[in-house]
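Undergrad: sequence plus the predicted model coming up.
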Amino acid sequence: MDIITGLVEAVHEVGGRLAGSQPAEPVPAVTVAEAMAAFAAVDGPAAGLLRERLHALRPQAGWCEDELTGTVPAEGEWWVCDATDGAVQYLSGLPHWAVTATLLRDGEPVLAVVHAPLQRATYTAALGAGARLNGRPIAPPARELAAAVAATGQPPLPARDAVALRRAGASLSAVAPRVLAVRNLGPTALQVAQVGSGHLSLFWEYGSDVTNLLPGALIAREAGAAVTDPRGRPWTPQADGFVAAAPSLHRDLLAVLATVA
């Protein structure tokens, strides 16, 4: 079995179990602590199963324990995974969540899968080998900015800071009048991957959101999208912002974001 096939099988297994456990109605949690306890009850076993499957697939690779640290190891092979990317949507009974798995080598993503079970979408990418959606090659189509459906997001609560939040608000005000629509459709990794397939035209975000951005960044880049920071420099895990866009839109989007201090 090749590693991509094994990776897809693993995330499909985990995604199937989570989908079967997701309630149709929102979790009746009054406080953040109650919501997180309800989430841990399903995410913990799912993460354990994913780790077990990926260790069997690549036993020499390490496992990044905390997805919210904002950093990734610079040397060696490591799995960066999120069994339930989109916890808020999952707990709310919404379909916008995904299982993600990324293999890093010396700090760079070389394999990535983003699987959204309830949307029947599985994105895959390997460094230098292109990107696929449900097995078919993908590429972002050309559009002008006025016809673009844009998406944005914010890092998880522990990683948000005042500067990033101010830029997020200012950039939304700057981008919204220039595009067809702006949406936040849930998991960051899935939205970035959707830029690669053309389901979204562009995605931007301010702040540090490394583990959520890594899988989508590889998929979008391998599909042919431009993936940079908001100043147009190649995106790295150390960047304080992120942009993925169809090549036809990238320069125009950067010009709009340049108005955000």
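TA: Perfect, I can see it now.
Undergrad: what stretches of this protein score poorly on pLDDT?
TA: Applying pLDDT under 70 to the chain flags the ranges 1, 66-70, 157-160, 261.
Undergrad: need the longest helix for it.
TA: In the chain, with assignment by DSSP state H, the single longest helix is helix 32-57.
Undergrad: just the buried residues of that one, please?
TA: 35, 38-39, 42-43, 46-47, 49-51, 53-54, 57 (16 or more other CB atoms under 10 Å). In this view, the C-beta of every residue, glycine as well, is placed from N, C-alpha and C.
Undergrad: who does it touch, helix- and strand-wise?
TA: Where contact means 3 or more CB pairs under 8 Å, 6 or more residues apart in numbering; DSSP states H and E, helix 32-57 is packed against helix 3-21, strand 62-63, strand 77-85, helix 87-91, strand 98-105.
Undergrad: looking at those, spot the one closest to Arg143.
TA: strand 98-105 (24.4 Å; CB to CB).
Undergrad: partner strands of that closest one and their direction?
TA: Here strand 98-105 has these sheet partners by DSSP bridges: strand 77-85 (antiparallel), strand 108-116 (antiparallel).
Undergrad: rebuild these as TSV, extending it with distance to Val256 and mean neighbour count.
TA: Output for these, formatted as TSV (distance: least, CB to CB, whole Å; neighbours: other CB atoms under 10 Å):
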stretch	distance to Val256	mean neighbour count
strand 77-85	27	23
strand 108-116	27	24
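Undergrad: circling back to that earlier point, output the helices and strands packed on helix 32-57 as JSON lines; include the columns distance to Pro247.
TA: Output for the helices and strands packed on helix 32-57, formatted as JSON lines (distance: least, CB to CB, whole Å):
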{"stretch": "helix 3-21", "distance to Pro247": "25"}
{"stretch": "strand 62-63", "distance to Pro247": "35"}
{"stretch": "strand 77-85", "distance to Pro247": "26"}
{"stretch": "helix 87-91", "distance to Pro247": "30"}
{"stretch": "strand 98-105", "distance to Pro247": "23"}
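Undergrad: of those, which stretch is the most buried?
TA: Highest mean neighbour count of the helices and strands packed on helix 32-57: strand 98-105, a mean of 27 (counted as mean count of other CB atoms under 10 Å).
Undergrad: next, the angle helix 3-21 makes with it.
TA: 150 degrees (axes from the mean of the first three to the mean of the last three CA atoms, to 10 degrees).
Undergrad: just the CA atoms of strand 98-105, as CSV, please.
TA: The C-alpha coordinates for strand 98-105 follow below in CSV (Å, rounded to 0.1, in the frame of the first residue of the first chain):
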residue,chain,number,x,y,z
ALA,A,98,-13.0,17.8,8.5
VAL,A,99,-10.3,15.3,9.4
THR,A,100,-6.8,16.5,8.5
ALA,A,101,-3.4,14.8,8.4
THR,A,102,-0.1,16.3,7.2
LEU,A,103,3.3,14.7,7.1
LEU,A,104,6.1,17.2,7.7
ARG,A,105,9.7,16.7,6.7
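Undergrad: next, the angle from it to helix 32-57.
TA: 50 degrees.
Undergrad: re the thing from before, relative to Gly130, which of the buried residues of helix 32-57 is nearest.
TA: Leu57 (21.2 Å).
Undergrad: how about the nearest residue to the closest one, chain neighbours excluded?
TA: Spatial nearest neighbour of Leu57, chain neighbours left out: Gly6 (4.5 Å); criterion: CB to CB, 6 or more residues apart in numbering.
Undergrad: separation between the one you found and Gly86?
TA: Distance, Gly6 to Gly86, by CB to CB, to the nearest Å: 24 Å.
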